[in-house]
Every structure is written in structure tokens, then in C-alpha cells.
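Chemist: Turn this into a model:
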Amino acid sequence: MRIVTICSMVIVISVSAAACGSKKAGTESSSTGTTAAQMTEATTVATTTQSVAAISGTIAANTEPVTWVENAIDPAKVMYVHVASDFLRVRTGPDTTYPQISALTNGMTITVIAKTENNWYKLQDGYYVFGDFVSETA
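Modeler: Below is the predicted model:
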């Protein structure tokens with residue numbers, strides 16, 4: 001129930017920001033210039049496809065071919081999301097050029113299984129978050 005509430009809040013905030021004409025809603029701490037309308041669309045897609053770590057259930061496997069170096073973390077490690085902005089984007093690859101498939105909010109826990117050379121963590125479901133916004137402490 002808590003997870004559904006969090007996802008609903010992300011959608012409401014995104015839609016509210018779009019209605020106000022804000023261009024900064026939905027930006028990551030490392031801004032990529034995403035508009036509120038684009039973020040609303042991405043959030044809606046993430047909610048309908050069962051967002052990573054935000055809604056219990058399954059999500060489609062990441063089909064992005066791995067063309068980068070990853071160092072396995074064995075055993076998998078639980079880490080915590082730390083963002084000052086609204087959320088942390090979950091992407092199909094370890095760079096802001098890859099599509100966003102979901103978003104995580106501050107304080108959420110994730111399980112990581114690998115780290116890339118450019119400081120992105122691979123989640124156990126094969127998607128990626130930027131390492132500057134996660135840590136081993138709550």
C-alpha cells in the first residue's frame with residue numbers, strides 16, 4: 001500500500017508541475033532538461049509496466065545489450081537512495097542517454113549486483129541508477 005501511495009504521489013507532483021508550466025519538474029540531480037510533460041509520460045509508463053523497486057510485481061527484462069564494463073558485486077548489496085530532488089531515475093543503461101523506465105524516491109532500498117566504471121549501479125533486475133545518489137547507509 002505504501003508503495004502505491006509513493007507512485008501516486010510522483011504522478012500527482014508531475015502532473016501538477018506540468019499544469020503550472022514548470023520546466024524543472026522531474027529533473028534528476030544531474031539535469032537532462034526533461035520537461036514536466038515528458039516526465040509525466042515517463043512516470044505513467046513506469047507505473048503501468050510495474051516500476052522497479054517501487055511496486056511489487058514483475059517488470060519486463062532489460063533487453064539493452066551490455067557494451068560496457070561491469071564489476072560484479074557478490075553477494076548482492078542492499079543500498080539506499082539519497083536524493084534532494086523528487087526522485088532518482090532508473091535507466092536501461094549506465095548513462096543519462098539511456099531511456100528512463102522508472103523512478104525511485106528518497107530513502108528507498110535497492111539491491112545492486114554490479115557497478116560500472118562510470119559509477120552506475122546495476123540493480124538485480126538489470127536496470128541502472130547513478131552511484132552518486134545511493135549509499136550503504138540509510
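Chemist: All the strands of the chain, residue numbers only.
Modeler: 70-81, 88-91, 100-104, 109-116, 120-123, 128-130, 134-135 (DSSP state E).
Chemist: And the first one, what's buried?
Modeler: Neighbour counts using 16 or more other Cβ atoms under 10 Å place Glu70, Ile73, Met79, Tyr80, Val81 of strand 70-81 among the buried residues. Where you see a C-beta, it was placed from the backbone N, CA and C, and this is true even at glycine.
Chemist: tilt between it and strand 100-104?
Modeler: 40 degrees (axes from the mean of the first three to the mean of the last three Cα atoms, to 10 degrees).
Chemist: And strand 70-81, what does it pack against?
Modeler: strand 109-116, strand 134-135 (3 or more Cβ pairs under 8 Å, 6 or more residues apart in numbering; DSSP states H and E).
Chemist: and these as TSV, adding mean pLDDT?
Modeler: Converted to TSV, the helices and strands packed on strand 70-81 look like this (pLDDT from 0 to 100):
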stretch	mean pLDDT
strand 109-116	96
strand 134-135	96
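Chemist: what about the ones you listed, which gets the closest to Tyr127?
Modeler: strand 109-116 (9.7 Å; Cβ to Cβ).
Chemist: In that closest one, which residues are buried?
Modeler: Ile110, Val112, Ile113, Ala114, Lys115, Thr116.
Chemist: Can you pull out the low-pLDDT segments for the protein?
Modeler: Along the chain, segments meeting pLDDT under 70 span 1-58.
Chemist: So what pairs up with the closest residue to Tyr121 other than its chain neighbours in the strands?
Modeler: Using Cβ to Cβ, 6 or more residues apart in numbering and skipping residues adjacent in sequence, the residue nearest Tyr121 is Val112, 4.2 Å away. With DSSP bridges as the criterion, Val112 is bridged to Lys77, Leu123.
Chemist: ok, now which ones touch Val112?
Modeler: By Cβ atoms under 8 Å, 6 or more residues apart in numbering, the contact list for Val112 reads Ile73, Ala76, Lys77, Met79, Tyr121, Lys122, Leu123, Gln124, Val134.
Chemist: thinking again about what came up before, adding distance to Gln100, write the helices and strands packed on strand 70-81 out as CSV.
Modeler: As requested, the helices and strands packed on strand 70-81 are exported to CSV (distance: least, Cβ to Cβ, whole Å):
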stretch, distance to Gln100
strand 109-116, 15
strand 134-135, 16
